[in-house]
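>>> Kindly return the folded structure for what I paste below:
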Amino acid sequence: MGKDAKAKESGGKGKGKQAASGSDENASKGKGKGAKGGDGLGTCTYVKARHILCEKQGKINEAYKKLQDGWLSNGDKVPPAEFAKVAQEYSECPSGKKGGDLGWFPRGKMAGPFQEVAFNTPVGVTSAPFKSTHGYHIILSEGRKN
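I've put the predicted structure just below:
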């Protein structure tokens, strides 16, 4: 299976999700059992990711809008260095000082919704904002391995 085939398969779960502006498909795509198909998502043991964490939904939406205006609205992937700048500006997590870098973490280390999104977001793709027990997040997936 080539790179283009993977992009088409994950289009509704990654890039397509980004381009949608607030539609209900954001809430369902890229999460749950539907994302664990033959594309390898959800099957790896470790993920490398950056994130932005905000207590208030309005603030995470501002951060996401900044990412949309710069890259996502054009269908582009957010470069990690640019995501890091937005994380430093908006994230309320201590990792924000490091550009939101969480490094490599194993399955089972992060709480429910965060783990679900992190392990089901294709490498290089930025998730839509979502809520966890800690607040509102945006994740940039940087790598995956077993």
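
>>> When you work out contacts or count neighbours from here on, use the C-alpha atoms and nothing else.
Fine.

>>> So which elements touch the longest helix anywhere in the chain?
Ordering each helix of the chain by length in residues (DSSP state H) puts helix 57-70 first. Applying 3 or more Cα pairs under 8 Å, 6 or more residues apart in numbering; DSSP states H and E, one finds that helix 57-70 contacts strand 46-54, helix 80-90, strand 135-145.

>>> so how far is stretch 123-139 from its chain's centroid?
5 Å (Cα atoms, centre = their mean, to the nearest Å).

>>> what does that stretch contact?
By Cα atoms under 8 Å, 6 or more residues apart in numbering, the surrounding residues in contact with stretch 123-139 are 14-15, 17-18, 26-27, 49-57, 60-61, 64, 77-78, 111-114, 117-118, 121, 140-144.

>>> Can you add mean pLDDT and give the helices and strands packed on helix 57-70 back as TSV?
As requested, those are exported to TSV (pLDDT from 0 to 100):
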stretch	mean pLDDT
strand 46-54	97
helix 80-90	97
strand 135-145	96
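
>>> picking up where we left off before, just the buried members of the contacts of stretch 123-139?
Buried residues within the contacts of stretch 123-139, counting neighbours by 16 or more other Cα atoms under 10 Å: 14-15, 17-18, 26, 49-55, 60-61, 64, 77-78, 114, 117-118, 121, 140-144.

>>> what's the closest of the helices and strands packed on helix 57-70 to Arg107?
Of all those, strand 46-54 sits nearest to Arg107, with 6.1 Å by Cα to Cα.

>>> Who are the packing partners of the closest one?
Strand 46-54 packs on helix 57-70, helix 80-90, strand 101-106, helix 112-120, strand 135-145, going by 3+ Cα pairs under 8 Å, 6+ apart.

>>> Thanks a lot, catch you later.
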